[in-house]
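Asks: Give me a 3D structure for the following:
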Amino acid sequence: MWLIGSCRCRAVTFRVFARSPYPYMRCYCSICRKTAGGGGFAINLGADATTFDARGESHLQVYQVPAAETESGGEGHSPARRHFCSLCGSALWLYDPRWPEFIHPFASAIDTPLPRPPEIVHIMLDFKPTWVPVPDGKGHVHHRRYPDESLEAWHRRHHLYDESSPGPAPAF
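Replies: Here you go, the predicted structure:
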């Protein structure tokens, strides 16, 4: 599925093909909450980095979390690069050179109508603020940290992984 996204002021626009386009995961860690605002939908869309195209790159800024603040800890900064618009502050996508074949657009930046997921996976609940309610019951799965199941595996298990060829890129 081709995705078209943009920042709030539309200074930055992008398109990318996603084989796993269902926004099924909500992260409650402070990094996702504070850099993307509230919902933390940063890590739930997986797209093919070779199909990525952006306009307005002069308006992009990159934030890298200090490694000491990540789950793995350490010195320096996390290699994961969170891209955002320098004009309006919109979180746009995450790219991590450890997995160069992927780019992870923030669902909140996508303008293309996204499909509704059959379940919501709530992760990093150990870091959830006390004031944030987490839906429970049928269709909601909870994890204190990261789940063992990958983004691709989740889509495949639900028969939602897009095996089709990207086809021609849409205009944006």
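Asks: which residues of this structure fall in helices?
Replies: Applying DSSP state H to the chain gives helices spanning 30-36, 151-157.
Asks: And those, which one averages the lowest pLDDT?
Replies: Lowest mean pLDDT within the helices of the chain: helix 30-36, at a mean of 82.
Asks: Which positions within that one qualify as buried?
Replies: Ile31, Cys32, Arg33, Thr35, Ala36 (16 or more other CB atoms under 10 Å). Where C-beta positions appear, they are placed from N, C-alpha and C, glycine not excepted.
Asks: From Thr70, how far off is Ser30?
Replies: 11 Å (CB to CB, to the nearest Å).
Asks: wait, Arg98 sits on Ser78?
Replies: No - look at Arg98 against Ser78 with CB atoms under 8 Å: they stay out of range, at 9.7 Å.
Asks: Between the two, point out the one with more neighbours.
Replies: Ser78 (20 against 8; other CB atoms under 10 Å).
Asks: which non-adjacent residue is nearest that one?
Replies: Distances taken as CB to CB, 6 or more residues apart in numbering place Val65 nearest to Ser78, at 4.6 Å, with adjacent residues excluded.
Asks: So what's the residue count around that neighbour?
Replies: With other CB under 10 Å as criterion, Val65 counts 18.
Asks: Name all residues that make contact with it.
Replies: Neighbouring residues of Val65 by CB atoms under 8 Å, 6 or more residues apart in numbering: Ile31, His77, Ser78, Ala80, Arg82.
Asks: Dihedrals phi and psi, it?
Replies: phi -70, psi 140 (degrees, to the nearest 10).
Asks: before we move on, what about Asp148?
Replies: Dihedral angles (degrees, to the nearest 10) for Asp148: phi -70, psi -30.
Asks: Alpha carbons of the lengthiest strand in the chain, as CSV, please.
Replies: If you go by DSSP state E, the chain has its longest strand at strand 13-20. Output of strand 13-20 as CSV, limited to C-alpha atoms (Å, rounded to 0.1, in the frame of the first residue of the first chain):
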residue,chain,number,x,y,z
THR,A,13,5.7,15.7,2.3
PHE,A,14,6.7,12.1,1.6
ARG,A,15,5.5,8.9,0.0
VAL,A,16,6.6,5.3,0.7
PHE,A,17,5.3,1.8,0.0
ALA,A,18,4.3,-0.2,3.1
ARG,A,19,3.8,-3.9,3.2
SER,A,20,2.6,-3.6,6.9
